[in-house]
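Student: pasting the structure only:
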């Protein structure tokens, strides 16, 4: 039964991918995909060069980026919910989004000519914010995750205030508009450069997390239990937090803040395959990638003007979570620890 | 004492009667006295506003109002730095008395307390302001006129309104006539361009390169009047976000950039893989919309300079005799007090 769900999520992902490849505002349909593939392999597929360029430079990188970000945020969501033993823990709980937003706003206002640019600043500040939250919590005598949550809230608040200060000082005509737009998040900006910067981090990070997924099963118990099983909880916690923070920071840096995905997809995945993390992580990856891919394809095709992606993920995602909450049976879906 | 006590009711009546008469007379006298000293205008929110005739202190709460006050030659009466961000900075550099004025607008917020402390006779607001804020100012004794400049005609009405309140109608008409003259110049030369020869233009917005001026915006009027076809004219709203594929499908022949930051700047666009197929990029017809010291695409009627620039940029052969720098310098000198190049303006 659970195996069929894994296969199901894989097939759903494949269909989503095919649909995304064959739809868009530029007329490239299902029938053009084979000639396009042939042309790129060196055969004469008789495809106009404009079509090739639009397909390979606009559509494909955007699809790759939305899959990478969707998978990355979902896996990070699974990890965070397990570590914090809390079904409401989203990947930005330690301040990564606030930090990235601050970095992006800073770059938009003062450092647009820098090589690392907005994306680099957003990434660095996202990681920086989480590090502060981590070291802050480490100074406390209480080593439980709730202290980590509190220091995450503190760091988020400070960086959000920083963003507000920058927005207050920004040129209202263009700088302010850019900051607001960046924070809302969007996949317009998808390019091969962004794919190159994001995909490796997400793939390597996800592979590591899947590989050590079995440890997460123990981490969902409280510290004493885990310690009594001979697991160095604190070192492993740093590993999971560090890896998933890198994934989230690189995703947020590439496309801005995408709400709900990291919170909701882990729940759907858990509903389908249960809380055993070796199964859960790959399922969440495929579901999340497919979910965000479908949402972004809707955002970019439904009208000539684009719809902000976070609106769609919230409108379609949040009610679905509500449905799951109502229809779950006992010990299903919302419970994060296996068994 | 006894008398007073006995006749108390009568005495009180007398006092009341006398004070009532005095009050009525006083009101009458006051009203008559001010009749010749006030001007009544109906602002663009439809509110009737009575303003004193001899206005000495003006607060402009939006840069449209600020520009109009400058155009009417009343900038000395301004109590605040009433232009827009970069324009403010450029003006402050050349005009020390302007630089010394406080800034009321920061971002999209307005410091109401400081505004009231400046004790202006009138405040010029924009029609998009919250009505309860305007009421608050009226309660504090400041007369508020709300104006609007989303289309050329609307902005002319706004200019006339402020001109009437300041008693500078003639100057207002002169300003409008100059704007109409420039509009006519462009219209006359572009009207004969056949529809199939009109260039397809995209005007990108300030938030990023993937946003376009819609059919509802003033920029649409500028493009159409200058003889172009706005690729996004069927869209509605304010700076619509569009996907890179949509831009490739529209394939504009000319792109005007509404900003010069970040992914912007013509050079960044030429290197952007997503724009490789767009003919404006192929033929390198991508231009940052002027100017570096304040935008020319908004608000009306100041945007008339942007109209002349757009037309000359799209069809240089039709406007060979028009020296943009000269037009801008004259317009700025006349309606902002300093020439465009003196303020540090570049094209």
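Tutor: Structure's in. What do you need? A quick note: this is a predicted structure, and the numbers were derived from the prediction, not measured.

Student: residue ranges for the strands of chain B, please.
Tutor: In chain B, the strands defined using DSSP state E lie at B:38-42, B:48-52, B:58-60, B:105-106, B:109-110, B:122-126, B:143-147, B:199-204, B:211-212, B:228-230, B:240-241, B:254-257, B:286-288.

Student: list the buried ones in the one helix or strand residue A:131 maps to?
Tutor: Secondary structure here is read from DSSP states H and E; on that basis residue A:131 sits in helix A:117-138. Using 16 or more other Cβ atoms under 10 Å in any protein chain shown as the test for burial, helix A:117-138 gives A:117-134, A:136-137. Backbone N, C-alpha and C define where each C-beta goes, glycine included.

Student: Determine the set of other helices and strands touching it.
Tutor: With contacts defined as 3 or more Cβ pairs under 8 Å, 6 or more residues apart in numbering or on different chains; DSSP states H and E, the packing partners of helix A:117-138 are helix A:96-110, helix A:145-169, helix A:233-255.

Student: could you give the mean pLDDT of the first one?
Tutor: Averaging pLDDT along helix A:96-110 gives 91.

Student: so the residue nearest in space to the middle of chain A, which of the three states?
Tutor: The centre of chain A sits closest to residue A:73, judged by Cα atoms, centre = their mean, with a distance of 2.3 Å. In terms of secondary structure, residue A:73 is helix; the call rests on DSSP: H, G, I helix; E, B strand; the rest coil.

Student: Show the contacting residues for it.
Tutor: Applying Cβ atoms under 8 Å, 6 or more residues apart in numbering or on different chains, we find residue A:73 in contact with A:91, A:247-248, A:251, A:258, A:261-262, A:265, A:288, A:292.

Student: any idea which element the closest residue to it other than its chain neighbours lies in?
Tutor: Distances taken as Cβ to Cβ, 6 or more residues apart in numbering or on different chains place residue A:262 nearest to residue A:73, at 4.0 Å, with adjacent residues excluded. Element membership of residue A:262, judged by DSSP H and E, is helix A:261-273.

Student: tell me the contacts of residue B:146?
Tutor: With contact set as Cβ under 8 Å, 6+ apart, residue B:146 has these partners: B:43-45, B:47, B:124-127, B:129, B:134.

Student: ok, now how distant is it from residue B:257?
Tutor: Remark: distance between residue B:146 and residue B:257 (Cβ to Cβ, to the nearest Å) = 32 Å.

Student: just residue A:111 next, same as before
Tutor: Applying Cβ to Cβ, the value for residue A:111 to residue B:257 is 20 Å.

Student: Look at these two and report which has more neighbours.
Tutor: Taking neighbours as other Cβ atoms under 10 Å in any protein chain shown, residue A:111 and residue B:257 compare with residue B:257 leading, 22 against 15.

Student: Show me the beta-bridge partners of the more buried one.
Tutor: Taking DSSP bridges, one obtains residue B:204, residue B:288 as the residues bridged to residue B:257.

Student: Residue A:178 versus that one, what's the distance?
Tutor: Taking Cβ to Cβ as the measure, residue B:257 falls 13 Å from residue A:178.

Student: Next: residue B:213.
Tutor: If you measure residue B:213 against residue A:178 using Cβ to Cβ, the figure is 16 Å.

Student: coming back round to it: between the contacts of residue B:146, which is closest to chain A?
Tutor: If you rank those by distance to chain A using Cβ to the nearest Cβ, residue B:126 comes first, at 13.0 Å.

Student: what number of residues lie near the closest one?
Tutor: Other residues within reach of residue B:126, judged by other Cβ under 10 Å, total 20.

Student: Kindly report the same for the one 3 residues further on.
Tutor: Per other Cβ under 10 Å, the neighbour tally for residue B:129 reads 17.

Student: List the beta-bridge partners for the closest residue to it other than its chain neighbours.
Tutor: When the adjacent residues along the chain are set aside, residue B:129 lies closest to residue B:146, with 6.5 Å between them (Cβ to Cβ, 6+ apart). Note on residue B:146: beta-bridge partners residue B:125, judged by DSSP bridges.

Student: Can you report phi and psi for the one residue in the stretch 201-339 of chain A that gets nearest to chain B?
Tutor: Among the residues of the stretch 201-339 of chain A, residue A:305 lies nearest to chain B; the distance is 3.7 Å by Cβ to the nearest Cβ. Backbone geometry at residue A:305, expressed as degrees, to the nearest 10, gives phi -100, psi 150.

Student: what's the spacing between the nearest residue to it once chain neighbours are set aside and residue B:231?
Tutor: Residue nearest to residue A:305 in three dimensions, not counting chain neighbours: residue B:240, with 3.7 Å by Cβ to Cβ, 6+ apart. For residue B:240, the distance to residue B:231 (Cβ to Cβ) stands at 11 Å.

Student: what's the overlap in contacts for the two?
Tutor: Taking Cβ under 8 Å, 6+ apart as the contact criterion, the residues that touch both residue B:240 and residue B:231 are residue B:212.

Student: Residue A:285: what's it in contact with?
Tutor: Taking Cβ under 8 Å, 6+ apart, one finds A:71, A:74-75, A:206, A:210 in contact with residue A:285.
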